[in-house]
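*Asks:* Sequence below, structure please.
(one chain, ligands or ions: 1)
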Amino acid sequence: SDQLALKDAYKKYFPIGVAVAVRNLHGDEAQLIKNQFNSITAENAMKMGSIQPKEGIFHWKDADSIVSFAIKNGIKIRGHNLCWHEQTPDWIFKGDDGKEVTKAVLLQRLKTHITTVVNRYKGKIYAWDVVNEAVDDDPKNFLRNSKWYQICGEDFIIKAFEYAHAADPSAKLYYNDYNTERPEKRDRIYKLLKSLRDRDVPVDGIGLQAHWSLQEPAENELRSAIEQYSSLGLKIQITELDISIYPWEPGKRDKKQGENDSFTTDLENKQAAKYAMVFKLFREYKRVITNVTFWNISDRYSWLDNFPVMGRKNYPLLFDRNLQPKKAYHEVVNFKNR
Ligand code: G3I
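*Replies:* As a prediction, this is how the structure comes out:
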């Protein structure tokens, strides 16, 4: 029927995942997760700042709850993430004297962090986002000028993959980024991935975050991106899928309350068509696409409610605020040969 669950409709294709917080793991949201999804990601609970807020002090509670919920319900787990420039605690870049640490010290700290986290969930987390968003947005630059880059150069990327692979040789290791379909960023991400492959760095694939909108991506750009990345022999996972009803507005940070915050039939139809288009491509490329994960469960809560405009409601997911399937959901589950 129409109400076939996502995970069942896509059984022959790829696991369908969802990003969660611990507060989602009871009540109606937990039920929806169990019914619809067969992969899970911690939206924030496994990031460095959450797990190791102070040196040597590891907070496992939330991450452990998500992992045990998944295992209990037969749901696969994607780990997110081991090295990023955001949600990274300040201590990691500083010595006791308050000065910036050396490259050797920083890499040692990165190694300790990655080894400890990956080892704790060894055999439970099947794929990790090892390095997140290391390529710059400005086409004039190559890598992002983060603290990691300033202190370690490109080596932090290589080392992060090596440490993760040493800790769990069976886990699949991903480089994860956004705007991966925009040609100028795509080419630079490709260059990074190619250089990693050429040096035998243990990278298995690329995560396309897929924070999209009604405008982006165009079908031909998404197709080209999938073709280009997979030409390196890499797998592709769609790691943070949502389709904003607002255009992408870089730098727009001010709250403009009440601004177009209603989900009209016209927007719902356009969003459904966009979801239909991208899932058609995902199915076409099932040979290389090995997971599709939504970034949150339903329109009840999304990070986009606060980004880039604080407090502006968005409606980016397949389920509405009452957890009822939207038009986009029907477009995604109803296809031939399911
Ligand atoms: O937990 C505190 C809470 O105690 C406090 O009262 C509240 C007040 O602001 O903040 C809460 O922390 C927030 C946290 O999410 C948990 O809700 C942070 O402020 C907020 O910055 C944080 O945002 C997360 C963001 O990453 C951080 O940059 C989003 O939830 C999360 O969806 C988002 O996810 C990222 C991916 O990891 C990487 N790709 C992009 C994606 C979207 O930005």
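*Asks:* can we go C-alpha only for contacts and neighbour counts from here?
*Replies:* Will do.
*Asks:* so where's this structure shaky on pLDDT?
*Replies:* 1-2, 250-261, 338 (pLDDT under 70).
*Asks:* Confirm residue 176 sits in a strand?
*Replies:* Yes. Secondary structure assignment places residue 176 in a strand (DSSP: H, G, I helix; E, B strand; the rest coil).
*Asks:* isn't it right up against residue 128?
*Replies:* No. Residue 176 is not in contact with residue 128 according to Cα atoms under 8 Å; the separation is 9.4 Å.
*Asks:* of the two, who's got more company?
*Replies:* Legend: neighbour count by other Cα atoms under 10 Å for residue 176 and residue 128, higher for residue 176 (28 against 25).
*Asks:* Now do the same for the closest residue to the more buried one other than its chain neighbours: helix, strand or coil?
*Replies:* Of all residues not flanking residue 176 in the chain, residue 207 sits nearest, at 4.2 Å (Cα to Cα, 6 or more residues apart in numbering). The assignment at residue 207 comes out as strand when based on three-state DSSP.
*Asks:* and residue 127, backbone torsions?
*Replies:* phi -150, psi 140 (degrees, to the nearest 10).
*Asks:* what's it in contact with, if anything?
*Replies:* By Cα atoms under 8 Å, 6 or more residues apart in numbering, the contact set of residue 127 is 77-79, 171-174.
*Asks:* Check the burial of the residue nearest to residue 176 by counting its neighbours.
*Replies:* 25.
*Asks:* Next one: it from residue 47, what distance?
*Replies:* 16 Å (Cα to Cα, to the nearest Å).
*Asks:* now the helix or strand hosting residue 8: how far from the chain's centre is it?
*Replies:* Using DSSP states H and E, the element containing residue 8 is helix 6-9. Distance of helix 6-9 from the chain centroid (Cα atoms, centre = their mean, to the nearest Å) equals 20 Å.
*Asks:* just checking, what packs against the biggest helix by length in the chain?
*Replies:* The helix spanning the most residues in the chain, taking DSSP state H as the definition, is helix 265-284. Secondary-structure packing of helix 265-284 (3 or more Cα pairs under 8 Å, 6 or more residues apart in numbering; DSSP states H and E): helix 219-230, strand 235-244, helix 327-333.
*Asks:* Sheet partners, orientation included, of the second one?
*Replies:* It stands for strand 235-244. strand 205-208 (parallel), strand 211-213 (parallel), strand 289-294 (parallel) (DSSP bridges).
*Asks:* Determine which of these approaches the ligand most closely.
*Replies:* strand 211-213 (7.7 Å; Cα to the nearest ligand atom).
*Asks:* Now look at the closest one and say if it contacts the ligand.
*Replies:* No. Strand 211-213 does not reach the ligand (Cα under 6 Å from any ligand atom); its nearest approach is 7.7 Å.
*Asks:* thinking again about what came up before, looking at the helices and strands packed on helix 265-284, which is nearest to the ligand?
*Replies:* strand 235-244 (7.0 Å).
*Asks:* Quick one: residues contacting whichever residue of the chain sits closest to the ligand.
*Replies:* Going by Cα to the nearest ligand atom, the ligand is nearest to residue 303 of the chain, at 4.7 Å. Counting by Cα under 8 Å, 6+ apart, residue 303 makes contact with nothing.
*Asks:* Adjust the sequence numbering to begin at 387 for everything that follows.
*Replies:* Sure thing, new numbering starts at 387, so read that last one as residue 689.
*Asks:* Output the contacting helices and strands for the helix or strand where residue 495 lies.
*Replies:* Assigned by DSSP H and E, residue 495 belongs to helix 489-506. Under the contact criterion of 3+ Cα pairs under 8 Å, 6+ apart, helix 489-506 touches strand 462-469, helix 533-538, helix 541-553.
*Asks:* need the residues of this protein near the ligand, please.
*Replies:* 429, 472, 689.
*Asks:* Kindly reformat these as JSON lines containing secondary structure.
*Replies:* Below are the residues of the chain next to the ligand laid out as JSON lines (three-state DSSP):
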{"residue": "429", "secondary structure": "coil"}
{"residue": "472", "secondary structure": "coil"}
{"residue": "689", "secondary structure": "helix"}
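*Asks:* Using TSV, lay out the residues you listed together with distance to residue 441.
*Replies:* Shown next, in TSV, are the residues of the chain next to the ligand (distance: Cα to Cα, whole Å):
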residue	distance to residue 441
429	22
472	17
689	28
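*Asks:* Right, I'll call it a day here.
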